[in-house]
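Enquirer: just coords:
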């Protein structure tokens, strides 16, 4: 197999101008977003000296994430998706400005909880809207490649954003991280304004409670689709150790310069490598089976991270976890996109985003609570082992996930548009 068969497929970027614009703007905002992802928990830990308080930060965001996801999916299936993205960038800009002003003005804890909760809700509207827009911009045969490109984008931000955040926090100040995040949304807004209108196929479905439940009802009897959500919840709730990073950086790895930023960056480093080497994903037909193996590998990596006492070994464990997550995410997203018609894609993408963004927040709370009762190492190891046990249970109880192949893709009820 040549290098061209391994490297990420950039054909979606070559073929669609609007996809390039959407992708480019999101690349900048994703990098800025990661600055806040690191700065907020570091600020909370600095004020409280408590991993439980850091974990609670994610828990407080959860109601807004769930509400935003349900609302965002219905809106994405009823309104022009470009217009929705314009609104989300504006709101996100102002929340980051609020965090920056709070960081510059003292050690007030409540604005961090409130503003990051609002951000979580808005991101939960933004992401299903983007996911629903992607099949309108690229041919459906290129959706696995587009999913891999999105993982490249996510992990570039996940690698360089936290590393930059660690540098800014240590050598400049917390406020600088928030200000740069705010500026990134301005760049994203400019890119979105250059994209053509993106109304939902067939004129859309009116956003109301009935339309929300229509999306949820579509899940009934579709075990593979349900399984993609359940297995990600399993991985994120039990195997997400990021609430432990500030304490580990301050204690176990105190001698390592920029340790907190590097710990947050480690999954992004592994994820980026895996995403860049994802040219093979379009040749995999048994995608459900690949999801099971990838999530199991995530759990093993997190358990080994809990045992690591040498910083760079811990970094490598987290990097391998990030690589495993990319494989899982690419195939889970492909199963979603190919199992759902366009008229429901926004609402089912919203369920996906609720899981993807809500799961880690529950994981933060779980990791922080277990660490408070035992230790940070016990929290990480037990979480990884619980994740592995969950994969085994899901494979047995939801066999439809492991059996899903590309032959199970549905025929869309509307033709795909290519710009």
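Expert: Thanks, I have it. Here the structure is a predicted model, which means the values were calculated and not measured.

Enquirer: Isn't residue 233 up against residue 359?
Expert: Yes. Using C-beta atoms under 8 Å, residue 233 is in contact with residue 359, at 4.9 Å. From N, CA and C alone the C-beta is placed, and that goes for glycine too.

Enquirer: more neighbours, the two?
Expert: The residue with more neighbours, out of residue 233 and residue 359, is residue 359; 23 against 18, by other C-beta atoms under 10 Å.

Enquirer: Find the nearest non-adjacent residue to residue 192, please.
Expert: Taking C-beta to C-beta, 6 or more residues apart in numbering, and ignoring the residues beside it in sequence, residue 192 has residue 85 as its nearest neighbour in space, at 4.8 Å.

Enquirer: To clarify, my last question referred to residue 131.
Expert: When the adjacent residues along the chain are set aside, residue 131 lies closest to residue 349, with 3.9 Å between them (C-beta to C-beta, 6+ apart).

Enquirer: Please name every helix or strand in contact with the helix or strand containing the one you found.
Expert: With elements delineated by DSSP states H and E, residue 349 resides in helix 342-373, which encompasses its position. Identification of packing neighbours for helix 342-373 by 3 or more C-beta pairs under 8 Å, 6 or more residues apart in numbering; DSSP states H and E yields helix 51-76, helix 110-137, helix 209-218, helix 223-239, helix 311-339, helix 376-397.

Enquirer: list the buried ones in the last one?
Expert: Right, the one you point to is helix 376-397. Buried residues in helix 376-397, counting neighbours by 16 or more other C-beta atoms under 10 Å, are found at 376-377, 379-388, 390-391, 394-395.

Enquirer: I'd assumed residue 34 was in contact with residue 168.
Expert: No. With the criterion set as C-beta under 8 Å, residue 168 and residue 34 do not qualify as a contacting pair; they are 11.4 Å apart.

Enquirer: could I get the helices and strands packed on helix 342-373 as JSON lines with distance to residue 280 and mean pLDDT?
Expert: Formatted as JSON lines, the entries for those read as follows, by distance: least, C-beta to C-beta, whole Å; pLDDT from 0 to 100:
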{"stretch": "helix 51-76", "distance to residue 280": "31", "mean pLDDT": "81"}
{"stretch": "helix 110-137", "distance to residue 280": "21", "mean pLDDT": "88"}
{"stretch": "helix 209-218", "distance to residue 280": "30", "mean pLDDT": "70"}
{"stretch": "helix 223-239", "distance to residue 280": "20", "mean pLDDT": "90"}
{"stretch": "helix 311-339", "distance to residue 280": "10", "mean pLDDT": "89"}
{"stretch": "helix 376-397", "distance to residue 280": "22", "mean pLDDT": "94"}
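
Enquirer: Compile the ones you listed into JSON lines and extend it with columns for distance to residue 90.
Expert: Written out in JSON lines, the entries for the helices and strands packed on helix 342-373 read as follows (distance: least, C-beta to C-beta, whole Å):
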{"stretch": "helix 51-76", "distance to residue 90": "15"}
{"stretch": "helix 110-137", "distance to residue 90": "10"}
{"stretch": "helix 209-218", "distance to residue 90": "24"}
{"stretch": "helix 223-239", "distance to residue 90": "29"}
{"stretch": "helix 311-339", "distance to residue 90": "27"}
{"stretch": "helix 376-397", "distance to residue 90": "37"}
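
Enquirer: How about residues contacting stretch 76-85?
Expert: Residues from elsewhere that reach stretch 76-85, judged by C-beta atoms under 8 Å, 6 or more residues apart in numbering: 22, 72, 75, 125-126, 128-130, 132-133, 136, 192, 195-200, 204-207, 211, 215, 343-347, 349-350.

Enquirer: which among those end up buried?
Expert: Buried residues within the contacts of stretch 76-85, counting neighbours by 16+ other C-beta under 10 Å: 22, 72, 75, 125-126, 128-130, 132-133, 136, 192, 195, 198, 200, 204-205, 207, 211, 215, 343-347, 349-350.

Enquirer: Can you tell me how far residue 289 is from residue 310?
Expert: Using C-beta to C-beta, to the nearest Å, residue 289 is found at 34 Å from residue 310.

Enquirer: So if I had to pick from those two, which one is more boxed in?
Expert: Set side by side, residue 289 and residue 310 show more neighbours around residue 289, with 17 against 11, by other C-beta under 10 Å.

Enquirer: quick one, what contacts that one?
Expert: Residues near residue 289 by C-beta under 8 Å, 6+ apart: 402, 403.

Enquirer: at 6 Å instead, please
Expert: Listed by C-beta atoms under 6 Å, 6 or more residues apart in numbering, the contact partners of residue 289 are residue 402.

Enquirer: could you measure it against residue 164, distance?
Expert: For residue 289, the distance to residue 164 (C-beta to C-beta) stands at 37 Å.

Enquirer: Check residue 245 too.
Expert: If you measure residue 245 against residue 164 using C-beta to C-beta, the figure is 16 Å.

Enquirer: the more surrounded of these two?
Expert: Neighbour comparison, residue 245 and residue 164: the larger count goes to residue 245, with 28 against 21 (by other C-beta under 10 Å).

Enquirer: My understanding was that the more buried one contacts residue 263; is that so?
Expert: Yes. Residue 245 is within contact range of residue 263, at 4.3 Å (criterion: C-beta atoms under 6 Å).

Enquirer: Please give the element, helix or strand, for the residue nearest to residue 246 when sequence neighbours are not counted.
Expert: Of all residues beyond its chain neighbours, the one nearest residue 246 is residue 45 (3.9 Å), with distances taken as C-beta to C-beta, 6+ apart. Secondary structure from DSSP H and E places residue 45 in helix 17-48.

Enquirer: what comes up buried for that helix?
Expert: By neighbour count on 16+ other C-beta under 10 Å, the buried set for helix 17-48 is 18-45.

Enquirer: So which elements touch that helix?
Expert: On a contact count with 3 or more C-beta pairs under 6 Å, 6 or more residues apart in numbering; DSSP states H and E, helix 17-48 meets helix 51-76, helix 110-137, helix 143-171, helix 174-193, helix 245-250.

Enquirer: after the shortest one, next one along is what?
Expert: Proceeding N to C from helix 245-250, the next assigned helix or strand is helix 259-276, under DSSP H and E.

Enquirer: just the first one next, same as before
Expert: On the C-terminal side of helix 51-76, the nearest following helix or strand under DSSP H and E is helix 81-105.

Enquirer: Next, count neighbours for the closest residue in space to residue 329 that isn't next to it in sequence.
Expert: Distances taken as C-beta to C-beta, 6+ apart place residue 151 nearest to residue 329, at 5.8 Å, with adjacent residues excluded. Neighbour count for residue 151, taken as other C-beta under 10 Å: 27.
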